[in-house]
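[1] got a sequence here, can you model it:
(chains A and B, ligands or ions: 1)
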Amino acid sequence: MNRIQKKLEEKKKLLSIYFTAGYPTTQDTIPILMALEKSGVDLIEIGLPFSDPLADGTTIQESAATALKNGMATEVIFNQLKDVRKKITVPLLLMGYFNPILQFGVENFCQKCYETGIDGLIIPDLPIQVYEEFYKNTFEKNGLIPIFLITPQTDNERINRIDSISDGFIYMVSNNGTTGAKKTFEKEQSEYFKRIFAMKLKHPQIVGFGISNKDTFYQATKFTSGAIIGSAFIQMLSRDGLGGIDAFIKSIR
Amino acid sequence: MQKTSYQVNEKGYYGEFGGAFIPEMLYPNVEELRQNYLKILNDPDFQKEVNQLLKNYVGRPTPLYFAKRFSDKYGAKIYLKREDLCHTGAHKINNTIGQIVLAKRLGKKRIIAETGAGQHGVATATVCALMGMKCIVYMGDIDIKRQAPNVARMKMLGATVIPAHSGSKTLKDATNEAIRDWISNPINTHYIIGSVVGPHPYPDLVARFQSVISKEIKQQLLEAEGTENPDYVVACVGGGSNAAGIFYHYLDRLNVKLIAVEAAGKGIHSGKSAATSQLGKIGIIHGSKTLVMQSPDGQITEPYSISAGLDYPGIGPMHAHLFQTKRVQFLSVTDDQAMLAGIELSKMEGIIPAIETAHAIAIFKEQKFKKDDIVVVNLSGRGDKDLNTYIKYFNL
Ligand SMILES: Cc1ncc(COP(=O)(O)O)c(C=O)c1O
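    The predicted structure follows:
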């Protein structure tokens, strides 16, 4: 069983943290990972910076631009992560746009993930049909769990289809919009969380986009298995640096 | 051997190019369009409405003008397809007319667009004014500065122009911002994309709306020369919509040679260029698998051209396929060559071309044709919007 699947069996509200590799500096990848594990997060998404992140709001856009300016690249990340499994055991996902992975070579990329001890991939602009037709075998061969997104606009038929090809959790985008921290969720969102809960899907859902604090974490996880914090975590890093990680995580739950 | 098809297949690909590499947030919008566009485009009522607007509002058909002095100088029969005479001054409005009527059929209330030179932004703002729809145009910060008259036009037409501050602050970034807007407004909004780029079905949709250009040429050339088929068809390529329109009805007529002209900027290998077919590799840009200018790590690089409309690090998937199959010959022209051609056409024919268009005109200096070769050039737009650039360049 994959580390993600094992984690999903724990009956608690999971906290997942996203950060952009190479931000604030290129040297921070491993220290951030270790600090996150130490403060007790359940899953970590390492963001691969991209020049044109279509699904991201300004916080993640700017962190990616800084990371690229700092010299972050796919090859660099794999070098940094080479011994990561000697240091931490928390499930790790890579989250990145498809083009850099395509240039690295999907086969090569997945194999590197396997060697590194990566557990899953989130590639928002890899369509599910293309995944099934061309890359499913490569993912499976390398023990990688594909994570697919659903949004408030995804119809039930498609949600069921995504559920049927999923293996870990379903990434439930909280609202119509790009990534970015929100102070609170509207009634609309909780109705959407409830609606999906009522579908009794095979795979648990973890909510992303807009979660920023204890309040939004609570709202997002009332009907789901967990939530992902990205932009708010990056904003905290900009403000407080790596020293702020523990206090930030403790402030969420 | 099976005949190569240059049109999109049922999966949304031109050969290996195209598709819809979009985040799930965009799936419902793009899928709605994909499921409906052919049905709507084939509806006689839709066609009637679009054709009437093209005739009475845009001013189609545009003339196919025999450029006598230019022909004498360069030793070929050179015809100019006068898209510059369209309402708003470029071919862009052929597409926006089609898409606004389509958006109405889809029940959309709000229109977004990206623009580089501002021509597509103006063409979108115009049709939104015509239909009483709310219009938001994203435009790179740098382009807002170099295309100021078009920014003013869009505002007069009632559009909101939102500057794109990210990345290279040009067309690519404006497109990113428009896509993000669409992600945030998935229900009431239609995105009028300005070229044959983006996820399927956009490249096909825009090519179909621009195909009126070559449809008219067939008839016009038959009257002028007794044949529908020129020897050569020439067009500049940014994303590739004016080229797609003028190539469209000739794609399967293999005796008609097709030439696409890209912006070499300060020279293909100067590091300041937008010649995607020469510098690009297969990759994903704006939801489409196509040729993309990018770093070895897959980061999309910042293109450069003096012409805002050609300053794009990709080409439409249809053109990537036409390049790969060698159906179209790709040439490139530098800033300097284009500027000189722009002045020359002005002095010799009394037509001030857009700087984008001047790239297509510039090939006559290098390319040799036979005296009785019929060469049709897409005069995609007029140069009014570029006066500032012309003034600065030539100290006018
Ligand atoms: C006059 C003119 N020609 C050509 C272009 C390039 O676009 P495309 O390659 O889609 O025709 C533009 C774009 O703004 C334009 O304004």
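
[2] then stretch B:28-41 to PDB, C-alphas only?
    Coordinates of the C-alpha atoms in stretch B:28-41 are reproduced here as PDB (Å, rounded to 0.1, in the frame of the first residue of the first chain):
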ATOM      1  CA  PRO B  28     -17.200  22.500 -18.400                       C
ATOM      2  CA  ASN B  29     -16.700  25.700 -20.400                       C
ATOM      3  CA  VAL B  30     -14.600  24.200 -23.100                       C
ATOM      4  CA  GLU B  31     -16.800  21.000 -23.300                       C
ATOM      5  CA  GLU B  32     -19.900  23.100 -23.600                       C
ATOM      6  CA  LEU B  33     -18.300  24.900 -26.600                       C
ATOM      7  CA  ARG B  34     -17.000  21.700 -28.100                       C
ATOM      8  CA  GLN B  35     -20.400  20.000 -28.000                       C
ATOM      9  CA  ASN B  36     -22.300  22.900 -29.500                       C
ATOM     10  CA  TYR B  37     -20.000  24.800 -31.900                       C
ATOM     11  CA  LEU B  38     -20.600  22.700 -35.000                       C
ATOM     12  CA  LYS B  39     -24.300  22.400 -34.500                       C
ATOM     13  CA  ILE B  40     -24.500  26.200 -34.100                       C
ATOM     14  CA  LEU B  41     -22.200  27.000 -37.000                       C
END
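
[3] can you give me the offset of stretch B:250-265 from its chain's centre?
    14 Å (CA atoms, centre = their mean, to the nearest Å).

[4] wait, stretch B:337-357
    Put simply, stretch B:337-357 sits 18 Å off its chain's centre (CA atoms, centre = their mean).

[5] residue B:352 against residue B:358, yeah?
    No - look at residue B:352 against residue B:358 with CB atoms under 8 Å: they stay out of range, at 9.3 Å. Yep, even glycine has a C-beta here, placed from its N, CA and C like the rest.

[6] neighbour count: these two, which is higher?
    Comparing residue B:352 with residue B:358 by other CB atoms under 10 Å in any protein chain shown, the one with more neighbours is residue B:358, at 32 against 19.

[7] can you tell me the residue of chain A closest to the ligand?
    Closest contact between chain A and the ligand, by CB to the nearest ligand atom, is at residue A:52 (19.0 Å).

[8] next, the contact list for that residue, please.
    In this structure, residue A:52 makes contact with A:97, B:167, B:172, B:176, B:285-286, B:300, judged by CB atoms under 8 Å, 6 or more residues apart in numbering or on different chains.

[9] quick one: stretch B:66-82 near the ligand?
    No - Stretch B:66-82 is not in contact with the ligand by CB under 6 Å from any ligand atom; minimum separation 11.9 Å.

[10] quick one: mean pLDDT over that stretch.
    Stretch B:66-82 carries an average pLDDT of 98.

[11] please enumerate the strands of the stretch 251-396 of chain B.
    Assigned by DSSP state E, counting those that start in this stretch, the stretch 251-396 of chain B shows strands spanning B:257-265, B:281-285, B:288-292, B:328-334, B:374-378.

[12] can you check chain A too?
    A:14-20, A:43-47, A:92-95, A:120-122, A:145-146, A:149-150, A:170-173, A:205-208, A:226-229 (DSSP state E).

[13] contacts for the fifth one, please.
    What that stands for is strand A:145-146. A:2, A:4-5, A:119-121, A:123, A:131, A:136, A:139, A:165-168.
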